[in-house]
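J.: 3D model of this:
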Amino acid sequence: MSKVSDKISYLEGLLDGLDLQDEKTAKMMRGILDALAHDRGIHCKINLRGGHEMVHVMDASPLRPYVTLEGNHPLVVGATAGALLCDEPESELLRLVGECEADIPEKHDPQILLDAVDDVRRKGWTYSVSPNRWRVAAIAAPIRSADGAVIAALTFVGLEPDFTPKKIPAITKLLLASAKACASTGARISNPRVGGCD
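T.: The predicted model follows:
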C-alpha cells in the first residue's frame with residue numbers, strides 16, 4: 001500500500017470511529033457550523049485527535065470559497081490542542097510535546113500547552129494567537145460525549161482583533177453553547193484510535 005492510501009484508510013477509520021458518518025449526526029453538526037458561519041460570521045472547525053495530529057473533520061466559513069480552514073496540524077499546537085488534550089495528565093502532555101517533530105513554539109516552551117489545558121479545565125475554553133505576522137487567533141472548547149469523554153474540539157478562528165477582551169464574553173458563551181449543541185448530536189467514540197495515540 002502507498003503512503004497516501006495508508007493515510008486515507010487511517011482518516012476513514014478516524015471518521016468511522018467518531019460515528020460522524022452517521023448521516024443524521026453529521027448533518028446536525030454541519031448545521032451548527034453553517035449557522036455559526038452564515039448567521040454569525042464566524043470561521044469555525046471541528047478537529048479530532050488522531051495519533052500525533054489534530055485531524056480536520058469539518059469546517060464552515062462566511063468567506064467560502066475564498067477561505068478554508070482545512071489541514072491537519074501537530075496535536076500539541078494552539079487553542080485546539082488545549083481543548084483536545086484537557087483531560088490528559090501533565091506527564092502525557094509533556095510526552096506528546098517531546099515527541100512532536102514540528103518546530104512550533106510549544107516544542108520549545110511546553111508551558112504554552114500546559115497553560116492552554118489549564119484554561120480549559122478552569123473556564124471550559126482557551127485562546128491562542130499565532131506568533132506569525134498574520135496574528136491568527138483561535139478560541140476552542142472540547143466537545144464531549146454523553147459519558148464526558150473529549151471526542152473533538154470546536155474552534156473559532158479569526159484575527160487577533162476579532163477576540164478583544166470586550167468581545168470575549170459573548171464569543172465564549174456562543175462557543176460553549178455551540179460545543180454543547182455539537183455534543184447533543186449523539187456523536188461518540190467507537191474506535192479506540194480516536195482520542196488516543198496510535
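J.: where do the helices sit along the chain?
T.: Applying DSSP state H to the chain gives helices spanning 3-18, 23-40, 78-84, 90-99, 105-108, 111-123, 168-183.
J.: so where's this structure uncertain?
T.: 1-22, 64-71, 132, 187-198 (pLDDT under 70).
J.: roughly how far does the most centrally placed residue in it sit from V117?
T.: Ranked by distance to the mean C-alpha position of the chain (C-alpha atoms, centre = their mean), the top residue is A153 at 3.4 Å. Here the criterion is C-beta to C-beta, to the nearest Å. By it, A153 lies 12 Å from V117. For glycine as for every other residue, the C-beta is placed from the backbone atoms N, C-alpha and C.
J.: can you give me the buried ones in stretch 109-127?
T.: By 16 or more other C-beta atoms under 10 Å, the buried positions in stretch 109-127 come out as P110, I112, L113, L114, A116, V117, D119, V120, G124, W125, T126, Y127.
J.: surely the residue nearest to the centre of the chain and V55 touch.
T.: No: if you go by C-beta atoms under 8 Å, A153 and V55 don't touch, sitting 10.5 Å apart.
J.: list residues touching both of these two?
T.: Contact with both A153 and V55 is made by residues N47, according to C-beta atoms under 8 Å, 6 or more residues apart in numbering.
J.: contact partners for the nearest residue to the residue nearest to the centre of the chain once chain neighbours are set aside?
T.: By the measure of C-beta to C-beta, 6 or more residues apart in numbering, the closest residue to A153 outside its immediate chain neighbours is A83, 3.7 Å from it. By C-beta under 8 Å, 6+ apart, A83 lies in contact with V120, W125, T126, A140, A141, P142, V150, A153, L154, T155.
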